[in-house]
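# the following comprises the amino acid sequence and a computationally predicted model.
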Amino acid sequence: MALIVQKFGGSSVADAESIKRVAKRIVDTRRAGHDVVVAVSAMGDTTDELLDLANQVAPVPAPRELDMLLSSGERISMALLAMAIHSMGYEARSFTGSQAGMITTADHGAARIVDVTPVRLRAALDDGAIVIVAGFQGFNRDTRDITTLGRGGSDTTAVALAAALGADVCEIYSDVDGIFTADPRVVPLARKLDRVSAEEMLELAANGAKVLYIRAVEYARRHGVLIHARSTFTSNDGTYVLGEGMTDPRLTEGADMSDAIGMEEPVVTGIATDRSQAKVAVVGVPDVPGSAAAIFTLVAKTGANIDMIVQNAQSAQAGRTDISFTLPKQQAVDVVKALAAEREAIGYESIVHDDQVGKLSVVGAGMRAHSGVSVTLFEALSKHGINIDMISTSEIRISVVVGENDLDEAARAVHAAYGLDGDIEATVYAGTGR
């Protein structure tokens, strides 16, 4: 018998029929002799619809009340899922985040987990019940308020529960069969990966891959949680995310893994695309100590999250430099306003704001030991007439910024250039990836 934590996203519980299908999968796991804890998201687009309602009644909804509102979505789906399981003859108990012992910081809308005390969950498991937990939400001990965890909150809830309960595996279910070499909606010939390192998954998630969220992957890596990303719609094996010292569990289950044993890490594991970024270029900055500090001090005060930064000296004018950086589109407008207000103090010439860009990232642990990886990327983009605006690298990643209209073509070209294309088109069952 194993303890398995399962997470089902909004597309997996979008309507009554979907909830019954998920309930059957959970019951099948229980019938196999395993203890089961489930973290569930709000149904379909419920969270977006609740946000729209909030914005209709208040231009700037109070953060505390917004968390109270948004947390109701997961409470609906958890209760319905428990009812569906009961109808199949199995006991299920649903718990809110606070009842499950999910203790967080007091930051409404972006709370972080500080402790998990799953006393009631353990008692329910000991009684033989299937446990259903509302994802995305928690409780702050000081304010005694409900909080929400922000993007990827249900993934993070599931991983945190797996860590606190000592689960054997945390299964993250979505509408694709696992983690692919690229987004199959963008690159139809993307191939499913059998396994990926947590290090590579962190880079993919940070650079636009949406099957797993970066906070959940980082939590799993820190606490030694084995993640299995798989599809709600099939019983196929998905992709295992292996932290340091972990091995693919199929190696101990008698499966034929002869093709994997002894193989070196692939040079490139996957391609990630991101359309959520904008580029800001501060042109004609005085090339003296302190200029960059002044710019990014202002940026930090707006709360913006900077991704890529490039600085280059102007050839047309001595003593001047241009500083370009990327950041989330919704934060770019405030950053441009803040910098414009301090133009004279900083002494730059102009600002260029471009929100029609996309980021393409090539990720692979094998990059450390192979040369020529960047040449393949640049040649593939050149052959398709795609211009590069910015370049950034790490030990296992190369990212480039291109025009948004070129991003999909760039992804397909680069994917093929690295030999990642499969023989058949990947299947997306529900259409959202979540």
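Done, it's in.
# tell me what the helix or strand of the chain with the lowest mean pLDDT is packed against?
For the chain, counting by mean pLDDT, DSSP states H and E, strand 309-313 ranks last in confidence among helices and strands (a mean of 88). Counting contacts by 3 or more CB pairs under 8 Å, 6 or more residues apart in numbering; DSSP states H and E, strand 309-313 packs against strand 320-328, strand 390-394. (C-beta placed from N, C-alpha, C; glycine too.)
# so can I have a markdown table of those strands showing mean pLDDT, distance to A380 and mean neighbour count?
What follows is the helices and strands packed on strand 309-313, written out as a markdown table (pLDDT from 0 to 100; distance: least, CB to CB, whole Å; neighbours: other CB atoms under 10 Å):
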| stretch | mean pLDDT | distance to A380 | mean neighbour count |
| --- | --- | --- | --- |
| strand 320-328 | 94 | 21 | 20 |
| strand 390-394 | 92 | 14 | 15 |
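# reformat those as TSV; add distance to I103.
Formatted as TSV, these follow (distance: least, CB to CB, whole Å):
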stretch	distance to I103
strand 320-328	28
strand 390-394	33
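# which of these sits closest to A281?
Between A281 and the helices and strands packed on strand 309-313, the tightest spacing by CB to CB is seen for strand 320-328, at 4.3 Å.
# beyond that closest one, next helix or strand please.
helix 329-341 (DSSP states H and E).
# which parts of that next one count as buried, going by neighbours?
Q331, A332, V335, V336, A338, L339 (16 or more other CB atoms under 10 Å).
# tell me which of the helices and strands packed on strand 309-313 sits nearest to M1.
It's strand 390-394; of the helices and strands packed on strand 309-313, that one is closest to M1 (CB to CB) at 41.2 Å.
# just the buried residues of the host helix or strand of A410, please?
Using DSSP H and E, A410 falls within helix 407-417. Of the residues in helix 407-417, L407, D408, A410, A411, R412, A413, V414, H415, A417 count as buried by neighbour count, 16+ other CB under 10 Å.
# would you mind measuring from the second one to I424?
By that I understand D408. Note on D408: its distance to I424, by CB to CB, to the nearest Å, is 20 Å.
# again with the last one
Counting by CB to CB, the separation of A417 from I424 is 20 Å.
# any buried residues in the strand or helix carrying V285, and which?
Element membership for V285, per DSSP H and E: strand 277-286. Within strand 277-286, the residues that qualify as buried by neighbour count (16+ other CB under 10 Å) are Q277, A278, K279, V280, A281, V282, G284, V285.
# for the residues you listed, give me JSON lines that also has distance to G101 and pLDDT.
Converted to JSON lines, these look like this (distance: CB to CB, whole Å; pLDDT from 0 to 100):
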{"residue": "Q277", "distance to G101": "37", "pLDDT": "94"}
{"residue": "A278", "distance to G101": "39", "pLDDT": "96"}
{"residue": "K279", "distance to G101": "43", "pLDDT": "96"}
{"residue": "V280", "distance to G101": "42", "pLDDT": "96"}
{"residue": "A281", "distance to G101": "48", "pLDDT": "95"}
{"residue": "V282", "distance to G101": "47", "pLDDT": "96"}
{"residue": "G284", "distance to G101": "55", "pLDDT": "94"}
{"residue": "V285", "distance to G101": "50", "pLDDT": "94"}
